[in-house]
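Visitor: give me a 3D structure for the following:
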Amino acid sequence: MSYSPHVDADKRKMLDEVGVTNINDVFADIPESIYNPNLNLPPALSEQEALEMLKDFEELNLHPARSGNYFLGGGAYNHHIPSAVAAITSAPEFYTAYTPYQPEMSQGMLQAIFEYQSVIARITGLDASNASMYDGGTACYEACAMAVKQTKKTRILFDSSLNPHYRELLKSYGENVELDMVEIPYSKVASDSIDSISEKMDNSFAAIVVQNPDFFGRIVDYSKLAEVAHKNKALLIMVVNPVSLGILKTPAEMGADIAVGEGQPLGLSLNYGGPYLGFIASTKKLLRKMPGRIVGETVDSDGKRGYVLTLQAREQHIRREKATSNICSNQALCALSALVHTSLIGKKGFRQVSELCIQKANYAKNTLGAIDGAEIVFDGPHFNEFVLRISRPVEDLFAAMGRSCEPGIRLNRWYPELEDCILVAVTELNTKNDIDAYARRLRDWLCK
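Guide: Purely as a prediction, here's the structure:
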């Protein structure tokens, strides 16, 4: 089909109708500082030439899926995705599916959502999950909103080891609805965060938000903090990496009321930052406070299994002031990808990926930390990330590595005191040879 459906006669007719002589006159009221019609574009290319040019541009990118020299994390991770995930999710009945406004007519999509909810509930150990959310940060805020509605209090407590993007989002959302987001400094020893948060906690808070593993990759058992929260009639919200739950204690086992996180590690490509998938799960007690919608399983008048939208607590289904949230997208295709991915790798595969991540990350931590001029910043157990301090300027490290390796994430953007540090992430796709090659390059550079 033509992507330029209007012929010259059509364009002329439209211009005459609005009373201008050319298309630039339509935009005459826009200041030239923000609108310049003289783009100085190069001559048009043929389709073949354009494709070749785009391929050349593509080769300028570092492709994580094709390289083990990729050590970026911080909330989005490079995991293996079975080819069958794309094959299944690209089926037209899934790929083009929209919100099931007549749910009984969308049994296939409703069943997929129900199965996705079951997976999230099983991974987190909690009673129920909704039909997914935009991303991990949005899910984190919505969990806080649930706590506010449940407790009738408006203060949220967290420390700075929570993902910086989530902290920024909480403060931005909270300001608009007059929530008091209280942030305290992170503890240098991860387990000490329980004491520092407990000291700040009182009965004015609706919830405590913690992350496990935290942004620095540190693992903490927050079971005692759950007791502190509940003693003060508050909720414990846990932000989790879903892959870590193949080996770590679940939020439910630690006493959390709500678990949230980014579902990207479950079968979604990095995609330059999205679209991703936010998951949220809670105890049965909080079920009716959960945003979005929840699919349930039932039987029809003939006794046959069927699926329904059991709860539809969003503004498009009930009066605005009665809605739990203004979230109106469930990222269904991304949720389906997560469902297919977890179904394909299975329970044993899920645990195996977790074990590979923690084993390889600890090998990398020990190998890189043993290099002269490099040291591990935080002691204690880590999952798949750790903070590495180097004795030379971080910016020079990235320049030295060039396109041969992505050594980690600069931390000085959010943590000025960690100016000479990077956050290194390792997944099952990073081989021992990849880690050893990284160590050799780092050692050679530090010794110059």
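
Visitor: which elements pack onto the least confident helix or strand in the chain by mean pLDDT?
Guide: None of the helices or strands of the chain scores lower by mean pLDDT, DSSP states H and E than helix 92-95, at a mean of 82. Judged by 3 or more Cβ pairs under 8 Å, 6 or more residues apart in numbering; DSSP states H and E, helix 92-95 is in contact with helix 107-124, helix 332-369. Any C-beta I mention is one placed from the backbone N, CA and C, and that applies to glycine too.

Visitor: in CSV, list these along with mean neighbour count.
Guide: Formatted as CSV, these follow (neighbours: other Cβ atoms under 10 Å):
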stretch, mean neighbour count
helix 107-124, 21
helix 332-369, 20
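
Visitor: closest to residue 134 out of those?
Guide: helix 332-369 (9.4 Å; Cβ to Cβ).

Visitor: where exactly do the strands run in the stretch 1-150 of the chain?
Guide: Assigned by DSSP state E, counting those that start in this stretch, the strands in the stretch 1-150 of the chain fall at 128-129.

Visitor: so for residue 307, which of the helices and strands packed on helix 92-95 sits nearest?
Guide: Using Cβ to Cβ, the nearest of the helices and strands packed on helix 92-95 to residue 307 is helix 107-124, at 3.7 Å.

Visitor: can you give me the strands in the stretch 301-448 of the chain?
Guide: 305-312, 374-376, 385-390, 409-410, 421-425.

Visitor: let me see the domain layout of the chain.
Guide: Following automatic domain parsing, one gets these domains for the chain: 66-80+346-446, 83-341.

Visitor: please identify which of the ones you listed is closest to residue 36.
Guide: Of the domains of the chain, nearest to residue 36 by Cβ to Cβ is domain 83-341, at 26.8 Å.

Visitor: what's the end-to-end length of that closest one?
Guide: 10 Å (Cα to Cα, to the nearest Å).

Visitor: was I right to think residue 64 contacts residue 70?
Guide: Yes: here residue 64 reaches residue 70: they are 4.3 Å apart, a contact under Cβ atoms under 8 Å.

Visitor: common neighbours of those two, please.
Guide: Taking Cβ atoms under 8 Å, 6 or more residues apart in numbering as the criterion, residue 64 and residue 70 both touch 78, 406, 429.

Visitor: assumed residue 181 was part of a strand.
Guide: Yes: under DSSP: H, G, I helix; E, B strand; the rest coil, residue 181 falls within a strand.

Visitor: neighbours of it, just the number please.
Guide: 20 (other Cβ atoms under 10 Å).

Visitor: swap in residue 29?
Guide: 7.

Visitor: and it, what pLDDT?
Guide: pLDDT, residue 29: 88.

Visitor: what segments of the stretch 51-200 of the chain are helices?
Guide: 83-89, 92-95, 107-124, 136-151, 164-176, 192-200 (DSSP state H, counting those that start in this stretch).

Visitor: which of those helices sits closest to residue 389?
Guide: Across those, closest to residue 389 is helix 164-176 (Cβ to Cβ), at 18.4 Å.

Visitor: in that closest one, which residues are buried?
Guide: For helix 164-176, the neighbour count (16 or more other Cβ atoms under 10 Å) marks 164, 165, 166, 167, 169, 170, 173, 174 as buried.

Visitor: pretty sure residue 339 sits against residue 120.
Guide: No: Residue 339 is beyond contact range of residue 120, at 9.3 Å (criterion: Cβ under 8 Å).

Visitor: if we can go back for a sec, just name the closest of the buried residues of helix 164-176 to residue 419, please.
Guide: Nearest to residue 419 among the buried residues of helix 164-176: residue 164, at 14.9 Å, using Cβ to Cβ.

Visitor: what residues does the closest residue to residue 413 other than its chain neighbours make contact with?
Guide: In space, residue 413 comes closest to residue 164 once its chain neighbours are excluded; the distance is 7.7 Å by Cβ to Cβ, 6 or more residues apart in numbering. Applying Cβ under 8 Å, 6+ apart, we find residue 164 in contact with 215, 413, 414.

Visitor: got the contact list for the first one?
Guide: Residue 215 sits next to 74, 75, 161, 162, 163, 164, 423 when contact means Cβ under 8 Å, 6+ apart.

Visitor: what is the neighbour count of the third one?
Guide: In this case it means residue 161. 24.

Visitor: how close does it get to residue 210?
Guide: In this view, residue 161 and residue 210 are 8 Å apart by Cβ to Cβ, to the nearest Å.

Visitor: mind giving me TSV with the strands of the stretch 301-448 of the chain and columns for mean pLDDT?
Guide: Shown next, in TSV, are these (pLDDT from 0 to 100):
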stretch	mean pLDDT
strand 305-312	85
strand 374-376	95
strand 385-390	97
strand 409-410	95
strand 421-425	97
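
Visitor: could you dump these to JSON lines with mean neighbour count and distance to residue 128?
Guide: Output for the strands of the stretch 301-448 of the chain, formatted as JSON lines (neighbours: other Cβ atoms under 10 Å; distance: least, Cβ to Cβ, whole Å):
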{"stretch": "strand 305-312", "mean neighbour count": "17", "distance to residue 128": "9"}
{"stretch": "strand 374-376", "mean neighbour count": "17", "distance to residue 128": "39"}
{"stretch": "strand 385-390", "mean neighbour count": "24", "distance to residue 128": "29"}
{"stretch": "strand 409-410", "mean neighbour count": "19", "distance to residue 128": "34"}
{"stretch": "strand 421-425", "mean neighbour count": "24", "distance to residue 128": "31"}
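
Visitor: which neighbours do residue 161 and residue 210 share?
Guide: residue 193.

Visitor: from the chain's centroid, how far away is stretch 142-157?
Guide: The chain centroid and the centroid of stretch 142-157 are separated by 21 Å, computed with Cα atoms, centre = their mean, to the nearest Å.

Visitor: what are the buried residues along that stretch?
Guide: Buried, per 16+ other Cβ under 10 Å, within stretch 142-157: 142-148, 150-151, 153-157.

Visitor: show me where pLDDT drops low in the stretch 201-350 of the chain?
Guide: Within the stretch 201-350 of the chain, the stretches with pLDDT under 70 are 313-324, 326-330.

Visitor: one more time with 50, if that's ok
Guide: 315 (pLDDT under 50).

Visitor: so where do the helices sit in it?
Guide: Under DSSP H, counting those that start in this stretch, the stretch 201-350 of the chain gives helices at 223-231, 251-254, 332-369.

Visitor: turn the contacts of residue 215 into TSV, columns for distance to residue 107.
Guide: Output for those, formatted as TSV (distance: Cβ to Cβ, whole Å):
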residue	distance to residue 107
74	39
75	34
161	43
162	39
163	37
164	42
423	44
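
Visitor: looking at those, which is nearest residue 266?
Guide: residue 75 (13.5 Å).

Visitor: circling back to that earlier point, list just the nearest of the contacts of residue 215 to residue 131.
Guide: Of the contacts of residue 215, the one sitting nearest to residue 131 (Cβ to Cβ) turns out to be residue 75, at 21.8 Å.

Visitor: that's all I had, so thanks and see you.
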